[in-house]
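Chemist: Coordinates for the following, if possible.
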Amino acid sequence: MPAQLWSRGHRVPPSLGTGSQEETDELAIPASQPQPPNPPVSTVERPPGCINKYPTPGFSLLCTMMDRLRSEEASKRKETLSRFFELWRVKVGNDLYPLVRLLLPDRDRERPVYNLKEAMLAKCYIEVLGLDKHSEAAQRLIKWKQPVDGQTDGNSGDFARVCYHEIAARSTVEEGRLSIEAVNTLLDQLAGGRLKQHEYVPILRKINQQCTPVEQEWIIRIILKDLRISIREKGVFACLHPDAGDLFNVCSDLKRVCWTLYSPEIRLEKHQAHIDLFRSFLPQLCYRSPTSSHEAIAKLVGAPDKPFIMEEKLDGERMQLHMRGSGAQWFYCSRKAKDYTYLYGAHIGEGSLTQYIANAFHEDVRNIILDGEMLVWDPILEKYVAFGTLKTAASDRGGDENAPRPCFKVFDVLYLNDVCLTNKRLSERKRLLHSDRIFRNIESHRGRLEFAEEQLGKSGKDIRSMLERVLESKGEGLVVKRLDAVYQTNSRGADWVKVKPEYSDQMGENLDLLVLGGWWGKGGRTGKISSLLCGLRNQQHDDGSGESPKFTTFCKIGSGMSYEDYEWILNKHKQHWIPFDRQNPPDWLTLGASGTEDKPDVVIRPENSFVVEVKASEIVPAAGTFGINYTMRFPRCRYIYWDKASRDHPSGGDDHQDRDMWNSVSDNVTITERSLKFKFLELLNQPKRKYTDEEGGSSRRKKRQTTSRRVTVCRRNTWKVGSSKESPSVRDSWSRGLTTDVIKGDPQNDKAKLEALVHAHGGTYTQAQLSDLSAYVISPDEKNVLVKAQKKKGISVVKPEWIYESIKRRVKLPLTKDFLVYASAEDRDGRYFHKTLDEIDNISFVRDRGGRCDIRDPDAGQDDHTEGSHQSDEVEAANEQASNSQTELGLESEWDLRPQLATRPENAHDQNKAVASGRMDPDSLDSDEDDDGIFTHLVFYIDSAANAEKNGLQVSHPATEIVERLKRVEKLLRDHGGTIVTDILDPKLTHIIMDDFDSGRYADLSRRTAKPRRKHIVLPSWVDECLEEETLMNEDGHKPR
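Modeler: Sure, this is the predicted structure:
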């Protein structure tokens, strides 16, 4: 019998125990305690008025509502959900917790984990459905990410939808028989502990027998905590109660929210909106500034009128520490409310932390809440080690004092002796934290409990100074905070601003430099060379006389090196370090005219020295400070070339790099005065590129326009061009990969001219929307019937002005609200939707090195027309749109509007030929991506000796097996859709394949292919893994050593 629906009266849902006693026993969940344990059930008391007088409705009703939320316009979703909540209160009662926990499964503390991911669910459903594990249906479940032949609905990659299709083909259930309460009961059983596969199967079989395929799809989404109902957490809370979001921010407990605010008439009292002991809350987070200017960041936090505080940004896990009962009870939880008390200790004498820090607190501290970061301290190395070792260190119960251990770095106090401090200013909380009212001997707990390093600042110069110091000590960055700000839970406001060097305008170049000297360290580096003075060979003095070459100081580095590196530097070259005499410097060394920045404690002669690879954010002027009058900002050591042939440690592999310690044979090491003038002065003195954090840094390539479109891998690039029109020649390619459906023109250009404009700049047009709904609909208004039809499908309608402005800038602009007649939900949620055109220009566009359009650029020259001229044919109409505005601005950039998985290049030869002829071969283009074309969207350069010679790179003589390995990979790439090029400056190049045993050209290739964006340099193993996993894998684990 089906579960009751609201339209059918109030029937009691059927019992779940309809099977035999044996089957009921099979569903019993083992009582063993899981590790880690689930959080305790919420202790909140149910108010008398928060009860459900009637049974909960059928789960099918909730599924219908979620389907509606997923398909409705954003403006109507909240109305739909609010009505559903109101109906629940009338038909069921005031306890909405059973409903809300299904809508927000990722926030349900009482069902934190199911230990059921896609792989386990696939195995379970194969058994539930009685499938042969080698059958096609079973393989579709196991390989759910893999596209299926003939499947056009885009379900691959959506596990729940793949399951739906397999269930629907076999299910006989036409009407669901489970209520919302019954579904919650079954989900509680699934989350009851660390079950085995044979224990999950009976529960899922019960679901399969009593739920329709649609209902099972939603249950699977709940288990995977990925509903995709197009409404976010804040939206659900806003519909539930006006104060629900505020309460959840301070308690992270859905049951407490639903039971405390069970009626819209009940408002949150002031004391209830405060954080409380042993209740996890959502902490305040850092704001990412849209600008990298340290001066601008300083103004955000109060400068120059007020001082601010700068804290070291810690690379650990955000953690809350709660203590009460004068140390009797302890509670630790992460920023996502995950309880880690079982690791660190709930009582004195327990865990990997509590037993060591309990006596650090003042005896008057009865209870407290601290905000901080959990790191791992290695007492042997005397440094913090990788964040990935935290759980291992926290789980260690061996008692070894020299083993890595958790260390809690405190930066804020939020609660003390029954008083909530979140409404106090940061300056007051800091003063209290560092007073003797909380800690009595924290200094003796180094490596267990420490204060985060902090410093007062007044200007951008102070930020820059501390950032450099933090990076030298292997830090990650800074957090800059307003001193007069209160603590705001679950906020990312500008009161806390994150500062990292990667956000700065940067050149991002790697340079191989010769070590010329060093400084002795302090603290943990006492007795070791802690910082290195690096320089460049000065070819100006190489006059063929046979005299030893001269070297010029360039930068000082103190970060990026390991404990092993410092030991090697000291011991390997112990006899080579010579005390530096400032009154009598070596004749082979050219120093800065003033200052002490390049005056080391010791020097090392070039013939005894070694080369390091240094990465920095940018090269900046340093007149008089260093010998060449420039230096590197935020330099880090990436590699040390341990000997002449290798950058690997002697205990490492056989990766060889030719590096002559004496001559420093490398294009980026030998710097002459002339090259300084052209490589540094021109680069530094001209306006710099501004870019977003996704782009990476590069300056504009003058003579060669480069365009790269990044799209979703699985998306087919279907070109459709109206055959009735004569196509103009393509002027540039800003709209390459763009397909438009021009429904209506405007007074400036009719429909045909708009289509010609797009086509003239590399795009295509269609007379009807594409099957995947990817064509851009163009219309100046929404009066047309065809436009209204597109709106019903949830497709944005774009004004012709978007085309004009994109042509002016020779870049596809994002779809902001000013460019849209109607905006889809996806575009309304876009990061640029509320930006103005001026703001977009400031964010993204870059000047060329001369600050204006380079007149030698052939594309720019062709577009240089009089602004007021009108051409009769379509080609000149296109040129008119890209007229003097481009010359005046000198701007070029790229915008990525969709989720980005891989760069998709087009076959330049074939498509340009087709565009020029005004036609496309549908057979060839519609099939340009098949199911095996994993690399269809990518362009590869194979780093072979033959290709190196063609590109003027250093030619090596690799072993036969290396040559064969690269040939094999090249064939695999071609067979699976990849495009192979032999020119490293190909504008569509995305990846460079390099063998680990012939990687001598790495630095040169990295440098020469860095613009406009860096390319992935990967090993052949990346190709093999992609093919094995049948998808594009992360490149990070396949970089040459």
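
Chemist: Which parts of the chain belong to which domain?
Modeler: Here the domain parsing of the chain from automatic domain parsing is 43-239, 287-503, 510-685, 712-892, 930-1038.

Chemist: nearest to E265, of these?
Modeler: Taking CB to CB as the measure, the domains of the chain were each checked against E265, and domain 43-239 came out nearest at 10.2 Å. For every residue, glycine as well, the C-beta is placed using N, CA and C.

Chemist: so how far is the first residue of stretch 435-449 from its last?
Modeler: Taking CA to CA, to the nearest Å, the span from the opening residue of stretch 435-449 to its closing residue is 16 Å.

Chemist: what about it, distance to the chain center?
Modeler: Averaged C-alpha coordinates place stretch 435-449 at 36 Å from its chain's average position (CA atoms, centre = their mean, to the nearest Å).

Chemist: for stretch 283-292, same thing?
Modeler: With CA atoms, centre = their mean as the basis, the mean position of stretch 283-292 lies at 14 Å from the chain mean.

Chemist: swap in stretch 409-426?
Modeler: Averaging C-alpha coordinates over stretch 409-426 and over its chain gives two centres that are 31 Å apart (CA atoms, centre = their mean).

Chemist: Lowest mean pLDDT across the domains of the chain, which one is that?
Modeler: Set side by side, these differ in mean pLDDT, and domain 712-892 is lowest with a mean of 65.

Chemist: Dump the domains of the chain to CSV, plus distance to L254.
Modeler: Conversion of the domains of the chain to CSV gives the following (distance: least, CB to CB, whole Å):
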stretch, distance to L254
domain 43-239, 6
domain 287-503, 10
domain 510-685, 44
domain 712-892, 24
domain 930-1038, 34
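
Chemist: would you turn those into CSV with distance to A273 and mean neighbour count?
Modeler: Written out in CSV, the entries for the domains of the chain read as follows (distance: least, CB to CB, whole Å; neighbours: other CB atoms under 10 Å):
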stretch, distance to A273, mean neighbour count
domain 43-239, 14, 18
domain 287-503, 9, 18
domain 510-685, 41, 17
domain 712-892, 28, 18
domain 930-1038, 42, 18
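
Chemist: R267 is nearest to which of these?
Modeler: domain 43-239 (14.2 Å).

Chemist: What segments of the stretch 201-350 of the chain are strands?
Modeler: Secondary structure of the stretch 201-350 of the chain (DSSP state E, counting those that start in this stretch): strands located at 287-288, 308-313, 317-324, 329-334.

Chemist: out of these, which comes closest to V128?
Modeler: Evaluated with CB to CB, the strands of the stretch 201-350 of the chain place strand 329-334 nearest to V128, the distance being 34.3 Å.

Chemist: Please work out which residues outside that closest one touch it.
Modeler: For strand 329-334, contacts defined as CB atoms under 8 Å, 6 or more residues apart in numbering pick out 277-278, 280, 317-323, 339-341, 343-347, 351, 353-354.

Chemist: quick one, that strand and strand 317-324 angle?
Modeler: Going by axes from the mean of the first three to the mean of the last three CA atoms, to 10 degrees, strand 329-334 is angled at 160 degrees with respect to strand 317-324.

Chemist: Just the CA trace of strand 329-334, in CSV.
Modeler: C-alpha atoms of strand 329-334 as CSV (Å, rounded to 0.1, in the frame of the first residue of the first chain):
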residue,chain,number,x,y,z
GLN,A,329,35.9,18.4,29.4
TRP,A,330,37.4,19.3,26.0
PHE,A,331,35.9,19.5,22.6
TYR,A,332,37.6,20.0,19.2
CYS,A,333,35.9,20.5,15.9
SER,A,334,36.8,21.7,12.4
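
Chemist: thinking again about what came up before, a markdown table please, covering the strands of the stretch 201-350 of the chain and showing distance to V100.
Modeler: Compiled in a markdown table, the strands of the stretch 201-350 of the chain are given as follows (distance: least, CB to CB, whole Å):
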| stretch | distance to V100 |
| --- | --- |
| strand 287-288 | 29 |
| strand 308-313 | 35 |
| strand 317-324 | 24 |
| strand 329-334 | 21 |
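
Chemist: which stretches of the stretch 751-900 of the chain form strands?
Modeler: Taking DSSP E, counting those that start in this stretch to define them, one finds strands in the stretch 751-900 of the chain at 764-765, 776-778, 797-798, 820-822, 846-847, 891-892.

Chemist: separation between P1040 and C251?
Modeler: For P1040, the distance to C251 (CB to CB, to the nearest Å) stands at 49 Å.

Chemist: do the same with K950
Modeler: Distance, K950 to C251, using CB to CB: 65 Å.

Chemist: Nearest to I266, out of the domains of the chain?
Modeler: Minimum separation from I266 across those (CB to CB) falls at domain 43-239, 8.8 Å.

Chemist: So which of the strands of the stretch 751-900 of the chain is nearest K808?
Modeler: Shortest distance between K808 and those, using CB to CB, is found for strand 891-892: 8.8 Å.

Chemist: Work out the gap between the one helix or strand S531 maps to and the centre of the chain.
Modeler: When elements are assigned from DSSP states H and E, S531 belongs to strand 529-538. Remark: strand 529-538 is offset 34 Å from the chain centroid, using CA atoms, centre = their mean.

Chemist: All the helices of the stretch 451-600 of the chain, residue numbers only.
Modeler: Secondary structure of the stretch 451-600 of the chain (DSSP state H, counting those that start in this stretch): helices at 460-472, 563-572.
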